[in-house]
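In: Predicted model and sequence follow; I will ask about them next.
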Amino acid sequence: MAKGLWRGEILYVKVMLDRVIRVELDKILALYLGSTTGFSVNLGKRGKHVEEHLEPELWAMLERTYWDTGIENTWEALMVMSDLFRRNSVSRRRTAMRKRSSPT
């Protein structure tokens with residue numbers, strides 16, 4: 001990704017962000033929301049209801065991942081996506097660890 005941005009290969013980067021990275025980000029956000037709601041809510045087709053269940057800060061970050069074709073905006077979208085992955089994967093690990101360590 002970074003190499004494509006440095007080379008100005010915006011079409012390659014856009015495809016990778018939207019068809020590869022975004023797909024995985026959607027999955028991790030769905031898992032995060034499922035874990036925080038006890039998997040009791042339907043997020044709708046293509047995440048139609050995600051905004052209703054995601055914290056405002058995370059929703060604002062997710063909105064920033066939708067970008068135009070400018071290099072600077074693309075860098076920002078990539079960095080925000082990375083931050084969303086990091087925050088939510090850490091949160092998922094903590095939740096899983098708490099479940100394993102709590103007596104049943």
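Out: Yep, that arrived. Residues are numbered from 1 along each chain as shown.

In: Mind giving me the packing neighbours of the lengthiest helix in the chain?
Out: Identified as the longest helix of the chain according to DSSP state H is helix 71-101. If contacts are counted by 3 or more CB pairs under 8 Å, 6 or more residues apart in numbering; DSSP states H and E, helix 71-101 sits against helix 2-6, helix 10-15, helix 22-37, helix 56-64. For the C-beta atoms, the positions are set from N, CA and C on the backbone; glycine is no exception.

In: Export those as CSV, with columns for mean neighbour count, distance to residue 73 and mean pLDDT.
Out: CSV is the format used below for the helices and strands packed on helix 71-101 (neighbours: other CB atoms under 10 Å; distance: least, CB to CB, whole Å; pLDDT from 0 to 100):
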stretch, mean neighbour count, distance to residue 73, mean pLDDT
helix 2-6, 12, 11, 89
helix 10-15, 15, 10, 89
helix 22-37, 15, 15, 91
helix 56-64, 14, 9, 90
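
In: I'd like those helices written out as a markdown table, with distance to residue 78 added.
Out: Below are the helices and strands packed on helix 71-101 laid out as a markdown table (distance: least, CB to CB, whole Å):
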| stretch | distance to residue 78 |
| --- | --- |
| helix 2-6 | 7 |
| helix 10-15 | 8 |
| helix 22-37 | 11 |
| helix 56-64 | 11 |
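
In: Nearest spatial neighbour of the residue most central in space within the chain, chain-adjacent residues omitted?
Out: In the chain, the centroid-proximal residue (CA atoms, centre = their mean) is residue 25; its distance is 3.6 Å. Spatial nearest neighbour of residue 25, excluding adjacent residues (CB to CB, 6 or more residues apart in numbering): residue 81 at 5.6 Å.

In: same question, residue 84
Out: Per CB to CB, 6+ apart, closest to residue 84 is residue 61, 5.6 Å.

In: got it, and residue 59?
Out: Excluding its sequence neighbours, the residue lying closest to residue 59 (CB to CB, 6+ apart) is residue 51, at 5.4 Å.

In: mind checking the SS state of that neighbour?
Out: Here residue 51 is recorded as helix under DSSP: H, G, I helix; E, B strand; the rest coil.
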